[in-house]
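Asker: predicted model and sequence below, questions to follow.
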Amino acid sequence: MRLNLILFFVLIIFALALVNVEHQYRNHYSKWDIENKLTIDLKDEKTKLQIEESDKSGNDRVNELAQKKLNMSLPDSKNQRTLR
């Protein structure tokens, strides 16, 4: 009788421990999933920013800035010299 009572309490303790472990697992998995989604969003944003940066540094952008902000223009054919 005494052994059965001890085994019953051990069974209850292990059952509670199992429930606790499953709860912790679900919490950690949920946090991991949220972080994983955030990582994917940040990678997408990084890609968009890299594309935007490459667009801004393109030749057309440089020509536009040179002509509008710096008042630069291409030289006439009379003023061009070819070096050999």
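Answerer: That came through fine.
Asker: alpha carbons only for contacts and neighbour counts from here, please
Answerer: OK.
Asker: Ser73: which element?
Answerer: For Ser73, there is no helix or strand it lies in under DSSP states H and E.
Asker: could you find the closest non-adjacent residue to it?
Answerer: Gln67 (5.8 Å; CA to CA, 6 or more residues apart in numbering).
Asker: quick one: the residue minimising distance to the centre of the chain and Ile34, what's the gap?
Answerer: Central residue of the chain (CA atoms, centre = their mean): Leu42, 2.2 Å from the mean position. From Leu42 across to Ile34, the span is 12 Å (CA to CA, to the nearest Å).
Asker: pull the distance from whatever helix or strand the residue nearest to the centre of the chain lives in to the chain's centre.
Answerer: In this structure, Leu42 sits in helix 2-56 according to DSSP H and E. Between the centre of helix 2-56 and the centre of its chain there are 19 Å (CA atoms, centre = their mean, to the nearest Å).
Asker: on the C-terminal side of that helix, identify the next helix or strand.
Answerer: Past helix 2-56, the next helix or strand by DSSP H and E is helix 59-68.
Asker: now that next one and helix 2-56, what's the angle there?
Answerer: Interaxial angle, helix 59-68 versus helix 2-56 (axes from the mean of the first three to the mean of the last three CA atoms, to 10 degrees): 50 degrees.
Asker: how many neighbours does the residue nearest to Ser73 have?
Answerer: 13 (other CA atoms under 10 Å).
Asker: again, but for Leu65
Answerer: Using other CA under 10 Å, Leu65 is surrounded by 13 other residues.
Asker: residues contacting it?
Answerer: With contact set as CA atoms under 8 Å, 6 or more residues apart in numbering, Leu65 has no partners.
Asker: gap between it and Leu49?
Answerer: From Leu65 over to Leu49 the distance is 20 Å, taken as CA to CA.
Asker: can you give me the neighbour number for Leu49?
Answerer: A count of nearby residues for Leu49, using other CA under 10 Å, gives 12.
Asker: pLDDT weak spots in this protein?
Answerer: Counting by pLDDT under 70, the chain contains no low-confidence range.
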